[in-house]
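Undergrad: predicted coordinates and the sequence they were generated for:
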Amino acid sequence: MEKVIRIIPRLDIKGPNLVKGIHLEGLRVLGKPEDFARLYYQLGADELIFQDVVASLYDRNSLDDIISNTAKELFIPLTVGGGIRTLYDINKVLRAGADKVSINTAALKDPNFIEEAAKEFGSSTIVIAIESIKDSNGRILAYYDNGREYSGVDVFEWAKRVCDLGAGEILITSVDKEGTGEGFDIPLISKIAEIVKIPVIAHGGAGKREHILKLLKSCNISGVVLGSILHYKTIEYLTINNKNFQEGNLEFLKNNSKIHTIIPERLDKLKEYLRLNNLTIR
């Protein structure tokens, strides 16, 4: 049976706002996450990821209202990450309307938490986020706190371990590539997908549709997680079509030279492009 690939917008959230940065840093406000989530649903998103990007820094997750409001309107799976440290945190997020949780910091600090969470809520509910950075010696190591903190843990050994502990899915982010529009780290993603037996979704680096096509043709993954390439087109769409849309920091988008490498895509048009290139997309 041919595998169906998921296209998953990721919404990084700080307080009430959708934000975006480069290498997970230098965050700029783009607008309200609810506006973007609603449009992505209408345009055919397969799932959504909400990530509270400062939750670990401030030891809290503050997305309950956003989750609840989104889950009432949008009937696709919703994964929520950021500040998930206990079984109580997971239960709270799921009760608010999420379908899955994404865990990074707490898992690296206490790997047994993965096993406990999988037993309590089921493996399919537990996504382990791995944020990778290559050091000056060529080692690829796992980071946490949204790429701010060094763990010293080898990414590939960690991926195998979280699989053994009962995680249901891995979300691999190349922090080196994230937000740059330079393309995905295909060797990294391909190797992760080869060494684990659970679904892998990839994030970080999409600058044009050809990058996404190359990733999906090259790596045995279950889906791709997209941010900038969708958000910048969505800002344009919402600005034109929604009189109530409060646009974010467009000067950041206009003046940042790295963002100029990104060619924005509308989600439905992107999915059609991938189908025309013989990929099985929902």
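TA: Sure thing, it's come through. Numbers count the residues shown, from 1 in each chain.

Undergrad: going forward, measure contacts between C-alpha atoms and count neighbours the same way
TA: Noted.

Undergrad: does Leu18 lie in a helix or a strand, and which?
TA: strand 17-22 (DSSP states H and E).

Undergrad: quick one: average pLDDT of that strand?
TA: Averaging pLDDT along strand 17-22 gives 75.

Undergrad: try stretch 86-102
TA: Stretch 86-102 comes out at a mean pLDDT of 95.

Undergrad: what's in contact with it?
TA: 64-65, 67-68, 71-72, 77-82, 84, 113, 117, 120, 124-129 (C-alpha atoms under 8 Å, 6 or more residues apart in numbering).

Undergrad: remind me which residues of the stretch 151-282 of the chain are low pLDDT?
TA: Within the stretch 151-282 of the chain, the stretches with pLDDT under 70 are 242-260.

Undergrad: ok, which stretches of the stretch 51-200 of the chain are strands?
TA: 78-81, 100-103, 126-134, 140-144, 149-154, 169-174, 200-203 (DSSP state E, counting those that start in this stretch).

Undergrad: so how far is the last one off the chain centroid?
TA: Computed by C-alpha atoms, centre = their mean, to the nearest Å, the chain-centroid distance of strand 200-203 equals 8 Å.

Undergrad: for stretch 96-111, same thing?
TA: On C-alpha atoms, centre = their mean, the centre of stretch 96-111 falls 13 Å from that of its chain.

Undergrad: in this structure Lys32 contacts Asn17, no?
TA: Yes. Between Lys32 and Asn17 there is a contact under C-alpha atoms under 8 Å: 5.0 Å.

Undergrad: Leu213: which of the strands of the stretch 51-200 of the chain is closest?
TA: Nearest of the strands of the stretch 51-200 of the chain to Leu213, taken as C-alpha to C-alpha: strand 200-203 at 12.6 Å.

Undergrad: which parts of the stretch 1-150 of the chain are helices?
TA: 33-42, 55-58, 64-73, 87-96, 105-109, 112-121 (DSSP state H, counting those that start in this stretch).

Undergrad: OK, contacts around Ile128?
TA: If you count contacts by C-alpha under 8 Å, 6+ apart, Ile128 has them with 102-104, 107, 162, 167-171.

Undergrad: and if you look at Ile133?
TA: Per C-alpha under 8 Å, 6+ apart, neighbours of Ile133: 140-143, 174-176.

Undergrad: swap the cut-off to 7 Å and go again
TA: Counting by C-alpha atoms under 7 Å, 6 or more residues apart in numbering, Ile133 makes contact with 140-142, 174-176.

Undergrad: can you list the strands of the stretch 51-200 of the chain in TSV and add distance to Val224?
TA: Shown next, in TSV, are the strands of the stretch 51-200 of the chain (distance: least, C-alpha to C-alpha, whole Å):
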stretch	distance to Val224
strand 78-81	14
strand 100-103	15
strand 126-134	13
strand 140-144	20
strand 149-154	23
strand 169-174	9
strand 200-203	5
